[in-house]
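Asker: return atomic coordinates for the entry below.
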Amino acid sequence: MIVVIHENKEWMTPFAAAFNEQNLDYDFWYLPEMSLDLTATPPQAVYWNRMSASSHTRGHRYEPELTAGVLAWLKRHGRAVVNGPKALDLEISKIRQYQELETYGIRVPKTFCSLRKNDLLNASNIIGFPLITKHNRAGKGLGVRKFDDYSALENYLNSDSFENSPDGITLLQQYIQSPSQSITRMEFVNSKFLYSVEVDTSEGFELCPAEACELESNCPTEERNKFTILQEFSLGNLTQFEKFLINNDIGIAGIEIIYDSNGEHWAYDVNTNTNYNPQAEAAAAISAPNRIAHYLASI
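Answerer: Below is the predicted model:
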């Protein structure tokens, strides 16, 4: 039995199809409709945690906190959990993501974090312009804005259009200029590299690969798909990314990197509830949901 813990039903369709294709027993635990009885015993199953840092955008602000309790309950009873408590902890905090990535020698952009707007303004010259703001707890590129100078940043932070992170922590981050106006997302299953996809960011950073996102954000359209799986890809420190995943209890994830004008790569986001673009996968004749189904069934 496979149990998927999640908070967005629209993202479940490709995984249900993959489970059905492989004749696997499965269930979906939808966190917004769950309660937890600590005196109960969880069913014997392999559990896959897909709680998202962007859950608050769907009215599910406190589901990550409930998920933390569910995962602790499963662990107490010795159940097999893919993307367990450590994975959830990194999913909902970019501060912790960056520090953990650096522990494994993985380069991340220079970053400053604060609850206070004045501190952000005072630190902006430490980061240097241009820079971007982002939320500490977010997904799909939410809250990412680029600023070329101090006055533009000051006007935004003091305006009604300022968007706060659900945990109140705003990040200032070094802006990495990509000559190709793209980022690269590496997908991992069983903590091993599966494939990489190039993502066009020329129209912004609110990018979600899932088909269900297409009308909600800067996602693939019938006219032009922004996602292309790279047939040839290599990275000198790829094993460091795999070690990072293994040691943080992350079996399934997408990690986003960006190349600067010198060809150096910088890691800036870890997604432990990764989604996949069906058009890109069809063109490359590969299916991450099918690989995931096989992986979960083998545990």
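
Asker: what about the strands in the stretch 51-200 of the chain?
Answerer: For the stretch 51-200 of the chain, strands defined by DSSP state E, counting those that start in this stretch occupy the ranges 80-82, 111-114, 131-135, 145-147, 170-174, 182-189, 192-200.

Asker: measure how buried Asn248 is and give me the count.
Answerer: By other CB atoms under 10 Å, 24 other residues sit near Asn248. For every residue, glycine as well, the C-beta is placed using N, CA and C.

Asker: wait, what's in contact with the residue nearest to it when sequence neighbours are not counted?
Answerer: Taking CB to CB, 6 or more residues apart in numbering as the measure, Asn248 lies nearest to Lys86, with 4.7 Å between them; neighbours along the chain are not counted. Lys86 sits next to Asn248, Asp249, Ile250 when contact means CB atoms under 8 Å, 6 or more residues apart in numbering.

Asker: from Glu91, how far off is the nearest residue to Glu163 once chain neighbours are set aside?
Answerer: With sequence-adjacent residues excluded and distances taken as CB to CB, 6+ apart, Glu163 is closest to Gly143, at 5.2 Å. Distance of Gly143 to Glu91, computed by CB to CB, to the nearest Å: 16 Å.

Asker: again, but for Phe147
Answerer: The span separating Phe147 from Glu91 equals 26 Å under the rule CB to CB.

Asker: who has more neighbours out of the two?
Answerer: Glu91 (28 against 20).

Asker: so that one sits right up against Met51, yeah?
Answerer: Yes: with contact defined as CB atoms under 8 Å, Glu91 counts as touching Met51 (6.6 Å).

Asker: which residues are in contact with each of the two?
Answerer: Between them, Glu91 and Met51 share the contacting residues Pro64, Asn273, judged by CB under 8 Å, 6+ apart.

Asker: any idea how far stretch 112-122 is from the chain center?
Answerer: For stretch 112-122, the distance from its own C-alpha centre to the chain's C-alpha centre is 24 Å (CA atoms, centre = their mean, to the nearest Å).
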